[in-house]
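K.L.:
With the sequence up front, the predicted model follows.
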Amino acid sequence: MINVLFVCLGNICRSPMAEAVFRHLVEKENLSNHIRVDSAATSAWHIGDPPHQGTITKLKEYNMSTKGIIGRQLQKEDFEKFDYIIGMDESNVNNIREMLGQPDHLKVMRFLDLTEHRKDVPDPYYTGDFQETYDLVLEGCQALLDKMEAEHEELSR
């Protein structure tokens, strides 16, 4: 089983959106038996909370579910559990590396570095633009799935 963890500041907007979108892509490709997806926060602000209503609304527009997604904080043991730890912005990546005590490990990466954009995913909690975030998350999730398929023979279509 390949384990993927998306991480943002509060685990209510970007990382749960990425979790839902990636889970949707994984299911569509019939890879659910090979890939497990989760999300977490670097902060403790929204532990136990559902995704932000803007995230829920945007995902519903695309028939994607947030069922089972509940805010949680990144834990040190997540480093051992997950093969890919994806920060939604550079600040998240720095916090992940510090929290996990892994300053240089390659399994920790910034999400959009997998795309041509090579920038941070804007936080719609502050921008209010859930569509922009969705578009970038969808592109990043597809790029991540492509990367994983190239790296893991068992995922080849």
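P.N.:
Here it is on my side, so go on. Numbering: from 1, shown residues only.

K.L.:
got the residue ranges for the helices in this structure?
P.N.:
Secondary structure of the chain by DSSP state H: the helices cover 14-28, 53-61, 78-81, 90-100, 124-127, 130-151.

K.L.:
Could you single out the most deeply buried of those?
P.N.:
helix 14-28 (a mean of 24; mean count of other CB atoms under 10 Å). All C-beta spots, glycine's among them, are computed from the backbone N, C-alpha and C.

K.L.:
Give me the contacts around that helix.
P.N.:
With CB atoms under 8 Å, 6 or more residues apart in numbering as the contact definition, helix 14-28 has outside contacts at 4, 6-8, 32, 35, 37-41, 51-52, 55, 58-59, 62, 64-66, 69, 71, 86, 88, 111, 121, 123-124, 130, 133-134, 137-138, 140-142, 144-145.

K.L.:
6 Å instead, please
P.N.:
Contact with helix 14-28 is made by 6-8, 32, 35, 37, 39, 51, 55, 59, 64, 66, 69, 88, 121, 137-138, 141, 145, as judged by CB atoms under 6 Å, 6 or more residues apart in numbering.
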